[in-house]
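In: Here you go, sequence then predicted model.
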2 protein chains.
Amino acid sequence: MKVICIVGRSNSGKTTLIEKIVPILKKKGLRVLVIKHAKEFEIDREGKDSWRIFNSGADVVITSKEKTAFIGRIPDELDEIVETFKDKYDLIITEGFGSSSHPKIVVLKDIEDLNRYRNVVAVVTDLEIDFQPKFKRDDYDGIADFIFSYL
Amino acid sequence: MKVICIVGRSNSGKTTLIEKIVPILKKKGLRVLVIKHAKEFEIDREGKDSWRIFNSGADVVITSKEKTAFIGRIPDELDEIVETFKDKYDLIITEGFGSSSHPKIVVLKDIEDLNRYRNVVAVVTDLEIDFQPKFKRDDYDGIADFIFSYL
């Protein structure tokens, strides 16, 4: 199991990139988990049973034949989240977590941003910059192949 | 860590019971997870980033300073779910899972339903039945105390 972080500024296209490469990685047989960092989020809906139980003070799992959801008062500590789920996946892609120590693919809109990250293993950009490996923003197959070979 | 199942027919009041006893158990210092069984459920909203990523084929975690959510293609196997989360909680209450081997509290609307379950440790009902311990439907403190002593 490997963790790789997709990092870059807000609106640099990280979500779209992940959305495009996941199906390619799935076709290669990988079980993929994406961990997305958010300043805040709401996922459940007021009044639903799961919402009522969460708001009573318990953390909640809802589970059916097809899928399982969890909502818990667990903070955004990447290592702990990875530890919880790592046995079930071959690859964990994070969106964000730029300050973690894991290998990073930077979606780059400004050349200077490259210096913000440690452990950069690839760059995704249409800018002319001197970094290898470098992928065009729409080279989803190339990026997915790179991640696959990285495993 | 202990698992206790709240079981009973649809609309017998399981969710309300759980919603009322969780704050009492939290006050006693317990970290509580509720696992709710559902025939099917939707928790995310079409068009959101997390929804897009899930629909691309990956399982998803969204995490912020306050909380963490997970949506995954993991089926409703109680033992596996308990195994994943057990280190983080003192008590796991399930809603449903009447056929599991864990101890059960039956919310009873019909006396005959009692025979449907193995390992019944308490009954919640306003019916006149010969079973001990038995709690009135609104005796939330009594039920919470019983669960606490059961741990």
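Out: Perfect, thanks for sending it. Every value quoted in this text rests on a predicted model; they were computed, and no experiment measured them. Numbers count the residues shown, from 1 in each chain, chains lettered A, B, ... in the order given.
In: where's the residue most central in space within chain A, which helix or strand?
Out: Taking CA atoms, centre = their mean, the centroid of chain A lies closest to A:T94, which sits 2.4 Å from it. Counting by DSSP states H and E, the element that carries A:T94 is strand A:91-95.
In: returning to that earlier point: give the contact list for the residue nearest to the centre of chain A.
Out: Under the criterion of CB atoms under 8 Å, 6 or more residues apart in numbering or on different chains, the neighbours of A:T94 are A:V3, A:I4, A:C5, A:I6, A:V34, A:I35, A:K36, A:H37, A:L78, A:S100, A:H102. Just so you know, the C-beta spots here come from the backbone N, C-alpha and C atoms, and that holds for glycine as well.
In: Can you add pLDDT and secondary structure and give those residues back as CSV?
Out: Below are those laid out as CSV (pLDDT from 0 to 100; DSSP: H, G, I helix; E, B strand; the rest coil):
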residue, pLDDT, secondary structure
A:V3, 98, strand
A:I4, 98, strand
A:C5, 98, strand
A:I6, 98, strand
A:V34, 98, strand
A:I35, 98, strand
A:K36, 96, strand
A:H37, 94, strand
A:L78, 97, helix
A:S100, 95, coil
A:H102, 97, coil
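In: which residues touch the one helix or strand A:P23 maps to?
Out: A:P23 is part of helix A:14-27 when elements are defined by DSSP H and E. Identification of contacts with helix A:14-27 by CB under 8 Å, 6+ apart yields A:6-8, A:32, A:34, A:36, A:91, A:93, A:95-96, A:107, A:124, A:137, A:140-141, A:143-144, A:147-148, B:49, B:52-53, B:56-58.
In: what's A:K104 sitting at in phi/psi?
Out: Geometry field for A:K104 lists phi and psi as phi -130, psi 140, criterion degrees, to the nearest 10.
In: Quick check: it touching A:V3?
Out: No. With contact defined as CB atoms under 8 Å, A:K104 and A:V3 do not form a contacting pair (10.1 Å).
In: What is the helix or strand of chain A with the lowest mean pLDDT packed up against?
Out: The element with the least model confidence among the helices and strands of chain A, by mean pLDDT, DSSP states H and E, is helix A:49-55, at a mean of 94. Under the contact definition 3 or more CB pairs under 8 Å, 6 or more residues apart in numbering or on different chains; DSSP states H and E, helix A:49-55 sits against strand A:59-63, strand A:68-72, helix B:14-27, strand B:32-37.
In: Run the angle between the third one and strand B:91-95 for me.
Out: Relative orientation of helix B:14-27 versus strand B:91-95 (axes from the mean of the first three to the mean of the last three CA atoms, to 10 degrees): 170 degrees.
In: any idea how far the nearest residue to A:D90 once chain neighbours are set aside lies from B:I6?
Out: Distances taken as CB to CB, 6 or more residues apart in numbering or on different chains put A:L30 closest to A:D90, at 4.5 Å, once the chain neighbours are dropped. With distances defined as CB to CB, to the nearest Å, the gap from A:L30 to B:I6 amounts to 38 Å.
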